[in-house]
Each structure stands twice: as C-alpha cells, then as structure tokens.
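[1] please work out how this folds:
(4 chains)
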2 protein chains.
Amino acid sequence: MARPREFDPDTALERAMQLFWSKGFEATSLDDLCDATGLSRSSLYAAFGDKRTLLLQSLERYEARIDSFVGGSLDRPVPIREAMDAFIDDLIDRIVAGPGRRGCFLGNCAAEFARSDREAVAKVRHGLERIEATFAAAFERAQARGEIAADADTIALARFFLAAIQGLRLVGKANPDRRALEDVKRVMLTCLDR
Amino acid sequence: MARPREFDPDTALERAMQLFWSKGFEATSLDDLCDATGLSRSSLYAAFGDKRTLLLQSLERYEARIDSFVGGSLDRPVPIREAMDAFIDDLIDRIVAGPGRRGCFLGNCAAEFARSDREAVAKVRHGLERIEATFAAAFERAQARGEIAADADTIALARFFLAAIQGLRLVGKANPDRRALEDVKRVMLTCLDR
DNA sequence: TTGGTTCTGTACTTTATGGTACAGAATCAG
DNA sequence: CTGATTCTGTACCATAAAGTACAGAACCAA
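    Next comes the predicted model:
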C-alpha cells in the first residue's frame, strides 16, 4: 500500500449518478463529470473505468436506492390505497416543483439505450423487475389484509403500476401540470378498488 | 426560378424523422441523416435549416401522423373498450416484434429534451395534448352511447390512458415481454368499466 | 445560345469529445 | 531515511461532430 485516495468513491459515484440522471449519458461529458465529482480524469478512470462503466455503476446504485424507497413507501401501517396515494402524490409534488422533472433514472436509460446498449438495457430491466416485485409483495400483503379483492392478480397490478408510474413521470416532464397528473393518479388508483 | 430540386422534401423529412425516432437526436449525426435521406449536407441545410430545426419539423410531422392514427383507431364502429383493446394490442405486437421497440417519438423527445430544449418540449407537450384531446373525444362519444359511466370524467380518463400508454411503450423497450405487457393492458382497460 | 439563378458535392474549419501518457506528489514499509 | 508504489494533475492525442465555403453542375427565361 502506498498513497491513499484523497476522495470518497461513494460520494463521487453519487455525484456522477445525479449528473447522469439529470442530463442523460450522451449529454454528460467527462468534463462535466470531473467538475461534479471534483476528480481529475485520471482519478475517475482509475476508480471507475470508462464513462460507460461509470454509468452502469450509477444504474446499480440507483436501482438499490429506488427499490428501497419504493419498499419503504409501501410498507407503512396504512391501507395500501392510502400508501400508494401518498407515494404518487410525492412524485407529483417533485415533478411540479422541478427536481422530479428529470424522471426516473431507469426510465431515462430505457429511453436512451433501448437500441444501442444491450448491457445497459439488461440492467434497466433488472431494476424494473425488482421494483415490480416490490410492488407485488406490497399488494399481496394488502390482499392478505383484505384490502384488495381476493381474486385480483397482484403481479398484473404490479406491472400495471410500474408502467403507469413511468408514464406519469415521462408525461410530467413535458407537461408538469398538477391537475393533469392528479387526474392520472386518481384513475390509476381506481385499479386497486376491485 | 432556376434549377429545381432533385429530391422530394417530403420523403426526405420522412426519412429524417424515422431516423430521429429510432436513434434519438444526439445519437443521430449529420452523416447519418445524409445517408438516410440521400441528400448532401448543403441540400439538407438549404431545405431544412440546421439539425435541431430538422428535428422540430420531424416532431410536427410525427404529431400529425400519430394523432390521426389514434383517431382512426378509436373512431371505429365498435365499443370503445374493444377499440382500445385492439389499439393497445397492436402496440404490444410491434413492441414484441421489434419495430415498436423504439417507443413513441414524442415520449422519446420528452425524455431527451426535458431539461435542455424548451422549444422542443413545448412541441412535445402540444402533441401530447392533441392526443389527449383525441382520446377524450372518443371517450365522450362512447359515453353518449352509454358505454362509459355517465359520471365518468372523460378528460381524466384521456390523461390516464395517455400516460399509461407512454409507460407501456417505455417499459416495453426494456422488457418486451408479451405477457407482462398484456397484464398492463388488462388492468388499464378495467378503468373503462365503471 | 447565354446569362442569371438555384441546387449539389466536396473539402474544409472549428470545436468538443473520450481516452491516454507521463511527470511529479504523497504515502507507507522497512 | 529511502525507495517502491499508488495517486493526482496537466498536457496531449485522435476522432468525430456540426456547420460553412465554394466551385461547378443543372436549369429556366429571354
């Protein structure tokens, strides 16, 4: 062992992820990344490999975070409908206020890489499936509590909410209008009443 | 008047649009555009202005086309639920088969330009609102026919389907799995039964 | 035919990009 | 203290990009 690192890789990755999330992969230059992380090119490359590898690591980081965020939001001692309502309301608040306007990092990467990077898309799919499973688990618990019809298909519901929320966030980018987004939310939530 | 054009601007724009739709704006180079259209740089610039202007024109072209496609799909002599089912099934078919995997051009641009190009986003919003209106009109007609509950909010329904379909197409990019997408469709359609 | 005008293709310029080389600074083991 | 080793910053390289200049081809009017 010799000279130790002068930076914290964890915070550097966090900053890189935030930047990729906000600007997308192509639109983020290495200079941008160096500015945001405070690292020089050499340190960046030594620590994380090239730009694309850094993106893949950012995706993994995001996946873990978003999944635990979703899980935490839905695993509260309130009816599932109430929890979902609050969860989506929170998303809408952030879209309208601005910071949520950058969408979901997974969704952004799905849009950007669908045709060009199979490995990145595989990571995105993995992340989406994980969120889907988290939704499904919450719906199953709610079903056991009698809050969702016993014959409801919780997997289908999970897939639906996954897609609908991606759509909400995407549409919100172009039209961050609270009323419109709340209309979407209201109809979405009726799918739990059955 | 002097030397006439050797190309058809309409087909050139069509090809440019297809390319932007498939690859996105940043990832499409001028060389790509010249290859696809068969034009030289000079002709491209003289006819359409710079790359960004060409994208904006592509957006307008797409908007008109997608709106008339949606309108045509929903304005058939069948119950609205059946028409929506067929419409979404068609989307799913294309996603699974491949060509639909590039998503909706409006959605792609929403994702790519949300933060970087207000004018492009305004065009996207305009297009989305137009589709929303087309959905709403179809739902109102269906409501008048008694196929949708008289107290249903057709605007909210339109906004919901707009977002949900964007979500379906986005998720389909990362995971073009027919069963999963049909699950999403099935739950979506229940929102018309009320 | 001819002259003015518009179109087309090539070659170029400028700028920005991702990635690398390398010299020197900082550290720890012995 | 010393020297091997790892880290950091600067300078650099090659490439690709968007956009432009310009010469010459194609056309129409007279």
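[2] who's in contact with the one residue in chain A that gets nearest to chain B?
    Taking C-beta to the nearest C-beta, chain B has its nearest neighbour within chain A at A:Gly167, 2.7 Å off. Glycine gets a C-beta too; all of them are placed from N, C-alpha and C. By C-beta atoms under 8 Å, 6 or more residues apart in numbering or on different chains, the contact set of A:Gly167 is A:Val184, B:Leu162, B:Ala163, B:Ala164, B:Ile165, B:Gln166, B:Gly167, B:Leu168, B:Leu170.
[3] redo that, cut-off 10 Å
    Residues in contact with A:Gly167 (C-beta atoms under 10 Å, 6 or more residues apart in numbering or on different chains) are A:107, A:184, A:188, B:107, B:160-171, B:184.
[4] among these, which are located in helices?
    Taking DSSP state H, the ones among the contacts of A:Gly167 that sit in helices are A:107, A:184, A:188, B:107, B:160-171, B:184.
[5] nearest to DNA strand D: which residue in chain A?
    Here chain A gets closest to DNA strand D at one residue, A:Ala2, 2.6 Å apart by C-beta to the nearest atom of the strand.
[6] out of everything not next to it in sequence, what's closest to the residue nearest the centre of chain A?
    Central residue of chain A (C-alpha atoms, centre = their mean): A:Cys104, 4.2 Å from the mean position. Nearest residue to A:Cys104, sequence neighbours excluded (C-beta to C-beta, 6 or more residues apart in numbering or on different chains): A:Arg169, at 5.3 Å.
[7] could you do A:Thr190 as well?
    Per C-beta to C-beta, 6+ apart, closest to A:Thr190 is B:Cys191, 6.2 Å.
[8] what sits against that neighbour?
    By C-beta under 10 Å, 6+ apart, the contact set of B:Cys191 is A:160, A:164, A:187-188, A:190-191, B:84, B:148, B:152, B:156-157, B:160-161, B:164.
[9] and if we set it to 8 Å?
    A:Val187, A:Thr190, A:Cys191, B:Leu157, B:Phe160, B:Phe161.
[10] repeat for A:Pro9
    Taking C-beta under 8 Å, 6+ apart, we find A:Pro9 in contact with A:Ala47, A:Phe48.
[11] return the residues of chain A in contact with DNA strand D.
    Residues of chain A found near DNA strand D (C-beta under 7 Å from any atom of the strand) are A:1-7, A:39-43, A:46-47.
[12] can I get the buried ones among these as something I can paste into ChimeraX?
    Here is the ChimeraX selection string for the buried members of the residues of chain A next to DNA strand D, based on 16 or more other C-beta atoms under 10 Å in any protein chain shown:
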select /A:39,43,47
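[13] can you convert the residues of chain A next to DNA strand D into CSV and add a column each for pLDDT?
    CSV is the format used below for those (pLDDT from 0 to 100):
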residue, pLDDT
A:Met1, 62
A:Ala2, 72
A:Arg3, 69
A:Pro4, 72
A:Arg5, 80
A:Glu6, 81
A:Phe7, 89
A:Leu39, 94
A:Ser40, 94
A:Arg41, 95
A:Ser42, 94
A:Ser43, 95
A:Ala46, 94
A:Ala47, 94
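[14] hmm, back to that, test my guess that the residue nearest to A:Cys104 contacts A:Ile92.
    No - A:Arg169 is beyond contact range of A:Ile92, at 9.5 Å (criterion: C-beta atoms under 8 Å).
[15] my read: A:Glu119 touches A:Leu59, true?
    No - using C-beta under 8 Å as the test, A:Glu119 is too far from A:Leu59 to be in contact (9.9 Å).
[16] so who does A:Val184 touch?
    With C-beta under 8 Å, 6+ apart, A:Val184 has these contacts: A:Ala164, A:Gly167, A:Leu168, A:Val171, B:Ala156, B:Arg159, B:Phe160, B:Ala163, B:Ala164.
[17] from the residues of chain A next to DNA strand D, which two are the most distant?
    A:Met1 and A:Arg41 (23.6 Å; C-beta to C-beta).
[18] so which of the residues of chain A next to DNA strand D belong to helices?
    Using DSSP H, those in helices are A:Arg41, A:Ser42, A:Ser43, A:Ala46, A:Ala47.
[19] for these, which one is nearest B:Phe139?
    A:Ala47 (53.7 Å).
[20] pLDDT at the residue nearest to the closest one when sequence neighbours are not counted, what is it?
    Of all residues not flanking A:Ala47 in the chain, A:Pro9 sits nearest, at 5.6 Å (C-beta to C-beta, 6+ apart). If you check A:Pro9, the pLDDT there is 94.
[21] what do you get for A:Gly100?
    A:Gly100 carries a pLDDT score of 89 in this model.
[22] just say helix, strand or coil for the residue nearest to it when sequence neighbours are not counted.
    Closest residue to A:Gly100 apart from its sequence neighbours, by C-beta to C-beta, 6+ apart: A:Arg94 at 2.7 Å. The local conformation at A:Arg94, judged by DSSP: H, G, I helix; E, B strand; the rest coil, is helix.
[23] check whether the helix or strand containing A:Ser58 contacts chain B.
    Element membership for A:Ser58, per DSSP states H and E: helix A:51-74. No - when contact is scored as C-beta under 8 Å from any C-beta of the partner chain, no part of helix A:51-74 falls within range of chain B; the minimum is 11.4 Å.
[24] indicate whether that helix makes contact with DNA strand C.
    Yes - shown here: helix A:51-74 in contact with DNA strand C (C-beta under 7 Å from any atom of the strand) through A:Lys51, A:Arg52.
[25] return the mean pLDDT over that helix, rounded to an integer.
    Rounded to a whole number, the mean pLDDT of helix A:51-74 is 98.
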